[in-house]
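Visitor: Next come a sequence and a model predicted from it.
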Amino acid sequence: MHEPPMTLLGLGRSAERVVRPRRALRAGSAHAVAVAVAVALGILLSRIDGGARVASDRVVDVLKVVGLGVLSITTLIFSLLFLVVQWAAGNFSHRLTLFRSDPVVWRVFAFTIGVLAFTVASMLTIGSRPSVSLAVPVTTLVLAALTLLLVRRLQLDALRSIQLSHVLDDLRGRGLDALAMYYPPVGDGEPRPALPDGPETSGPVSSVRWREDAALVEQLDLVRAARAAARTGAVVVLRVRVGGTLYRGDVVADVHGGPVPEEDVLGSVVVGRERTFHQDPALAFRLLADIGLRALSPAVNDPATAVQVLDTLEDLLRRLVAGDTGRATRAIADRTGAVRLVMSVPGWEELLRTGLDDVLDAAANAPMVLARCRVLLSGVLAVAPAGCRPVLERRLRWTERRLADRRPSFAADGPTG
């Protein structure tokens, strides 16, 4: 059946690639495919009869050395993964999974397992043959060289992932991508159809409720729900957000104007164990606040790290106030222009509160961090539209009072970095 095209209303151009959920990395499948290909390659190359030949015993020695080396490298990969994840959780945030979820980690592991399978399959196939094709040792050496290059790449990524500047840059980039989706810049030439805060719909309303155990909303398949609504002329109003938790009996969506199969609505909600950046604009703010709070905790007491966090947070907030933050809804329409799906997005004050308020409170006894908060608020206030200014002004006044209480001389100083 031909599915009608969908139009994104109030979403940026980058939203076209994220209105569908991103496939989870299937590490087990990747490992199985790598082993299967490696075994087949080892068997086929070892059975080649023509061309240059090499003594089998010499080839088997090479295969043994490469196989043992790859086994050692595989152990190194696991050690890196464990140590880096543990270090990042202890020093940054337990919710920070940048290195662990990086596809390169599991792909390198799959490749090394494949090379190990290739060496074993080749040795078994060679058996008692007096000679074997030159293709076997050449391929083995090429695979060994590729393994070393990939492991070097993994090692560099692991080292970068324990550096604060790299983590903050990564969070900044992912946060900016999410903001570009949900809060496209005002005045970029894109149409901005008027969307009500509450859907203007008619007809009976039915609610679809969550029937499973408590689960974290990891992603949403917006296109699936919108197309299901378009087939019956209905409107689906989602009541869940990415990053929120659903409990049994919670309302997932309200359906207006016609029936929509419940399985299509529930199937559009992808649940998981951890939040992901793919469709979650608040996650970067949450993680930055986590890192800042950990740095300001009495056990760590590292205000300089909190200042670096605020540098990154200011970049995100400046981008946010330049975007379309005036509406609490985004929508998907069918080809006739009729809205078929309405979803809510975090508001400007909610994101500001998530990223800054906890750090502000924790920095009450850290004048250096409070001074940087003042600079942040003043800088964002200078570029913020009128609708965003009141919440910034309230926080700026609180920060200045707290600074004056801690260091009276700060009250007369201008903002300093």
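Guide: Yes, it's here.
Visitor: just how off-centre is stretch 175-182 within its chain?
Guide: In terms of Cα atoms, centre = their mean, to the nearest Å, the centre of stretch 175-182 is set 11 Å apart from its chain centre.
Visitor: actually stretch 88-95, not the one I wrote
Guide: That offset, for stretch 88-95, works out to 16 Å (Cα atoms, centre = their mean).
Visitor: what about that stretch, average pLDDT?
Guide: For stretch 88-95, mean pLDDT is 81.
Visitor: where does the stretch 101-250 of the chain have low pLDDT?
Guide: 187-204 (pLDDT under 70).
Visitor: how about 90 then?
Guide: Counting by pLDDT under 90, the stretch 101-250 of the chain contains low-confidence residues at 101-110, 127-129, 151-163, 177-178, 180-206, 219, 221-224, 226-227, 230-233.
Visitor: What ranges does it have for its strands?
Guide: 131-133, 205-209, 215-220, 235-238, 245-246 (DSSP state E, counting those that start in this stretch).
Visitor: Highest mean neighbour count out of these?
Guide: Among those, ranked by average contacts under mean count of other Cβ atoms under 10 Å, first place goes to strand 235-238 (a mean of 26). In this view, the C-beta of every residue, glycine as well, is placed from N, C-alpha and C.
Visitor: In this structure residue 330 contacts residue 345, no?
Guide: Yes - judged on Cβ atoms under 8 Å, residue 330 makes contact with residue 345 at a distance of 5.6 Å.
Visitor: Give the residues shared as contacts by these two.
Guide: Both residue 330 and residue 345 are in contact with residue 182, where contact means Cβ atoms under 8 Å, 6 or more residues apart in numbering.
Visitor: Looking at these two, which one has more neighbours?
Guide: For residue 330 versus residue 345, neighbours defined as other Cβ atoms under 10 Å are more numerous around residue 330 (24 against 21).
Visitor: For the more buried one, pull up the helix or strand it's in.
Guide: Following DSSP states H and E, one finds residue 330 within strand 329-333.
Visitor: next SSE after that strand?
Guide: Using DSSP H and E, the helix or strand that follows strand 329-333 towards the C-terminus is strand 339-344.
Visitor: what's that following strand in contact with?
Guide: Looking at what lies outside strand 339-344 - Cβ under 8 Å, 6+ apart - the contacts are 6, 9, 195, 199, 220, 222, 225-227, 229-230, 234-239, 241, 328-334.
Visitor: run the last query once more with 6 Å
Guide: 199, 225-226, 229-230, 235-238, 328-334 (Cβ atoms under 6 Å, 6 or more residues apart in numbering).
Visitor: If you count neighbours, what's buried in it?
Guide: Under the neighbour-count criterion of 16 or more other Cβ atoms under 10 Å, strand 339-344 has 339, 340, 341, 342, 343 buried.
Visitor: about what we covered before: could you tell me the angle between the strand holding residue 330 and strand 339-344?
Guide: 160 degrees (axes from the mean of the first three to the mean of the last three Cα atoms, to 10 degrees).
Visitor: For the residue lying closest to residue 77 once chain neighbours are set aside, grab the count of nearby residues.
Guide: Spatially, and ignoring its direct neighbours in sequence, residue 77 is nearest to residue 109 (5.3 Å; Cβ to Cβ, 6 or more residues apart in numbering). Neighbourhood size, residue 109 [other Cβ under 10 Å]: 21.
Visitor: Quickly find the element holding the spatially most central residue of the chain.
Guide: Nearest to the geometric centre of the chain sits residue 277, at 2.8 Å (Cα atoms, centre = their mean). Residue 277 belongs to no helix or strand when elements are defined using DSSP H and E.
Visitor: and the top helix by length along the chain, what other elements does it pack with?
Guide: If you go by DSSP state H, the chain has its longest helix at helix 56-91. If you count contacts as 3 or more Cβ pairs under 6 Å, 6 or more residues apart in numbering; DSSP states H and E, helix 56-91 packs onto helix 103-126, strand 131-133, helix 135-161.
Visitor: tell me the angle the first one makes with helix 135-161.
Guide: I take that to be helix 103-126. 160 degrees.
Visitor: which other helices and strands contact helix 103-126?
Guide: helix 27-46, helix 56-91, helix 135-161.
Visitor: Go through those and name the closest to residue 102.
Guide: Nearest to residue 102 among those is helix 135-161; the distance by Cβ to Cβ comes to 6.5 Å.
Visitor: re the thing from before, now the longest helix of the chain, how far from the chain's geometric center?
Guide: 27 Å.
Visitor: buried stuff in it?
Guide: By neighbour count on 16+ other Cβ under 10 Å, the buried set for helix 56-91 is 56, 59-60, 62-63, 66-67, 69-70, 73-74, 77, 80-81, 84-85, 88, 91.
Visitor: Check stretch 138-147 too.
Guide: Result for stretch 138-147 [16+ other Cβ under 10 Å]: buried residues 139, 140, 143, 144, 147.
Visitor: Save those as a markdown table, and put in distance to residue 37 too.
Guide: Listed next are the buried residues of stretch 138-147 as a markdown table, based on distance: Cβ to Cβ, whole Å:
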| residue | distance to residue 37 |
| --- | --- |
| 139 | 12 |
| 140 | 15 |
| 143 | 12 |
| 144 | 17 |
| 147 | 15 |
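Visitor: picking up where we left off before, just the contacts of strand 339-344 now: which is nearest residue 364?
Guide: residue 328 (31.3 Å).
Visitor: Quick one, grab the pLDDT at the closest one.
Guide: pLDDT for residue 328: 80.
Visitor: now do the one 4 residues further on
Guide: Listed pLDDT for residue 332 reads 86.
Visitor: How many residues are close by it?
Guide: 25.
Visitor: Tell me the spacing between residue 363 and residue 167.
Guide: Shown here: residue 363 relative to residue 167, a distance of 20 Å by Cβ to Cβ, to the nearest Å.
Visitor: who has more neighbours, those two?
Guide: residue 363 (28 against 25).
Visitor: quick one, what contacts the more buried one?
Guide: 296, 369, 370.
Visitor: Among the contacts of strand 339-344, which one sits closest to residue 178?
Guide: residue 330 (12.6 Å).
Visitor: Just to check, the closest one is in contact with residue 11?
Guide: Yes - Residue 330 lies in contact with residue 11 (Cβ atoms under 6 Å); the separation is 5.2 Å.
Visitor: rewinding a little: right, and the helices and strands packed on helix 56-91 - which one's nearest residue 391?
Guide: With Cβ to Cβ as the measure, helix 135-161 is the member of the helices and strands packed on helix 56-91 nearest residue 391 (33.9 Å).
Visitor: quick one: that closest one to helix 27-46, angle?
Guide: Using the same axes, to 10 degrees, helix 135-161 lies at 150 degrees relative to helix 27-46.
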